[in-house]
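In: Fold the following, please.
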Amino acid sequence: MLKEGDAAPDFTAKDDRGREVALKEFRGKKVILYFYPKDNTSGCTKEACDFRDHFARIKRRDAIVLGVSPDTEKSHEKFRTKFELPFPLVADPDKTIVSAYGVWKEKSMYGRKYMGVERTTFIIDERGKIEKIFSKVKVPGHVDQVLEELSSK
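Out: Take a look at the predicted model:
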């Protein structure tokens, strides 16, 4: 289980535009790495749009946003375009990244158990260390919490 102060697991994967994205490319900037279950679902859409709507404030804090889910590049591309998201969405269909970050978990809905992404956000500092972990994220007000954390450092 990852904890604050640990080195963030590096990864290289394709984004919604088919480009290779490596976490280490962003050294020197803070990274808001948010994991979400699925493109075009109500909670995930609300979360992505909240990050979009506060993107200028995030950039002013010299931070970048990366969204990650097990969806495909094509699904991410449609989702990003539909909601005009100004940040990359990283495809993780083989669940390598979600597993490395410990967010691929057994979940339960209406008594049925299944594996899925637990909505989680990591703030990674300029040196690649995990500065803050927001587990079991509730979407309303979450981006405000992230911005407050960025302001406090």
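In: outside of the one helix or strand in the chain whose mean pLDDT sits lowest, which residues touch it?
Out: Every helix and strand of the chain was ranked by mean pLDDT, DSSP states H and E. The lowest is strand 104-109, at a mean of 87. The contact list for strand 104-109 (CB atoms under 8 Å, 6 or more residues apart in numbering) reads 95, 98, 113-118. Glycine gets a C-beta too; all of them are placed from N, C-alpha and C.
In: before we move on, which element is the residue nearest the centre of the chain in?
Out: The centroid of the chain falls nearest to Tyr34 when counting by CA atoms, centre = their mean (1.6 Å). If you go by DSSP states H and E, Tyr34 is part of strand 30-35.
In: Which parts of the protein are strands?
Out: Using DSSP state E, the strands of the chain run over 12-14, 20-22, 30-35, 63-69, 89-91, 104-109, 112-117, 120-124, 130-134.
In: relative to its centroid, which residue of the protein is most remote?
Out: Gly111 (27.2 Å).
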